[in-house]
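1. Sharing a sequence plus its predicted fold:
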Amino acid sequence: MSKAYYIGCIKCGRSREELREAGKLEDLETWERCLDCNRAVEPLWEDGDNLYTYDVEGRHFVMTKQELENRRDRARGIPAEPVQNNPVEHPAHYTEGKIEAWDFIADQNLNYFRGCALKYIIRAGKKDPSREIEDLEKAVAYLNRELARLRENSGGKCETS
């Protein structure tokens, strides 16, 4: 395998060297950790414009080089360049703001129902303005399913305020 394109925190985008200089790198026996993000510092390998990690199961897409640069810029307080609209990897209705919907959902470890509800709230009126109400109704439907799941798991005992 060739030399890694980048070694650092995938979440904040700071390199191993930047973390070490800032005193934000914890050196454990078998791995290193970003103290700000509580994430492993790991190598990314390049293939064209895409970056990957490898594990025992094989290669996993992580992000494009531009996304990594945007994360690094945000960590340095520099506004990120807009991500080019890609209807599969980066649909325009999910890329407004500083973090994409799926990055936030993954970062917060939201389950399926909560993640879908959030996704429909974020895109409401953006993907198709004529379906804004439908998007919000879908979000409510997913929240209702999550509430039903919670009530079922608690034996029907769910306090409301």
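-> Arrived safely.
2. right, and L118 touches L110 too?
-> Yes: L118 is within contact range of L110, at 6.6 Å (criterion: C-beta atoms under 8 Å). In short, each C-beta sits where N, CA and C put it, glycine included.
3. who has more neighbours, these two?
-> Each of L118 and L110 has its neighbours counted (other C-beta atoms under 10 Å); L118 has more, 19 against 16.
4. gap between the residue positioned nearest the centre of the chain and I10?
-> Centroid-nearest residue in the chain, with C-alpha atoms, centre = their mean: D103, separated by 1.5 Å. Counting by C-beta to C-beta, to the nearest Å, the gap from D103 to I10 is 10 Å.
5. same thing with N111?
-> As for N111, its distance to I10 is 22 Å (criterion: C-beta to C-beta).
6. Tell me which of the two has more neighbours.
-> Neighbour tally, N111 and I10, criterion other C-beta under 10 Å: the higher count belongs to I10, 20 against 10.
7. I'd like to know how far the residue nearest to the more buried one when sequence neighbours are not counted sits from L110.
-> If the residues on either side of it in the chain are set aside, I10 comes closest to V62, at 6.0 Å by C-beta to C-beta, 6 or more residues apart in numbering. For V62, the distance to L110 (C-beta to C-beta) stands at 20 Å.
8. Identify the residues contacting the residue nearest to I10.
-> For V62, the contact set (C-beta atoms under 8 Å, 6 or more residues apart in numbering) comprises 10, 44, 51-53.
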